[in-house]
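A.B. asks: here's my sequence, what's the structure:
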Amino acid sequence: MAKLRGKYGPVLAVLLGIILLPIQVLAAELPLEADLQEEMLALINGEREREGLSPLFLQDELTAVALAHARDMIARDYFSHISPDNLSPADRLHQAGLTFNVMGENLAGSTSVGRAHDLLMKSPGHRANILDARFREAGIAVVRGGRYGLMMVMLFKD
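C.D. replies: Model prediction:
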């Protein structure tokens, strides 16, 4: 990061700190968009039904982990399965005390749930997670914010 020099450097550094800190605090408080969560679950289960698979059921603890990751990506301005702290999706589930034999994670950033779902279904790896017969539970977080408009995290486990 470039140093702020000159007579206004220290003032700019303080102002940047004042501006950035509230953005991170606000991101931690972004609410789950429950109607959009239900829309994503319905789209996922529609795909599963067409393939003769059992529907996924929302699990509160799994959703809490997904929500925390969505908020973190907005607060720290990144988009990745691996956090800046080097935590994987499996690490985050273990930290939450959740057990599993198999798990998966899909991320999407988009202006709408429908568009995100369409793009996920066109991606072989994401499609495989949605249609994995071993998965029974889902945690889905949809949050308004970030560079895409909507940040979505979908966790799946057996």
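
A.B. asks: could you pull out the helices for the protein?
C.D. replies: Per DSSP state H, the chain carries helices over the ranges 9-28, 34-50, 60-75, 89-95, 113-122, 124-130.

A.B. asks: what's the last one packed up against?
C.D. replies: Contacts of helix 124-130 with other secondary structure elements, assessed using 3 or more CB pairs under 8 Å, 6 or more residues apart in numbering; DSSP states H and E, are made with helix 34-50, strand 103-110, helix 113-122, strand 150-157. All C-beta spots, glycine's among them, are computed from the backbone N, C-alpha and C.

A.B. asks: so which of these gets nearest H69?
C.D. replies: strand 150-157 (4.9 Å; CB to CB).

A.B. asks: what's the mean pLDDT across the closest one?
C.D. replies: Across strand 150-157, pLDDT averages out at 98.

A.B. asks: tell me which strands that strand pairs with, and in which orientation.
C.D. replies: Taking DSSP bridges as the criterion, strand 150-157 pairs within the sheet with strand 103-110 (antiparallel), strand 137-144 (antiparallel).

A.B. asks: got a list of contacts for the first one?
C.D. replies: Think strand 103-110. With contacts defined as CB atoms under 8 Å, 6 or more residues apart in numbering, strand 103-110 is touched by 73, 79-81, 89-90, 93, 116-117, 119-120, 126, 128-130, 132, 135, 146-158.

A.B. asks: now the buried members of those residues.
C.D. replies: Buried by 16 or more other CB atoms under 10 Å: 73, 89, 93, 116-117, 120, 126, 129-130, 132, 135, 146, 150-157, out of the contacts of strand 103-110.

A.B. asks: state the pLDDT value of the closest residue to A96 other than its chain neighbours.
C.D. replies: Of all residues not flanking A96 in the chain, V65 sits nearest, at 4.9 Å (CB to CB, 6 or more residues apart in numbering). Note on V65: pLDDT of 98.
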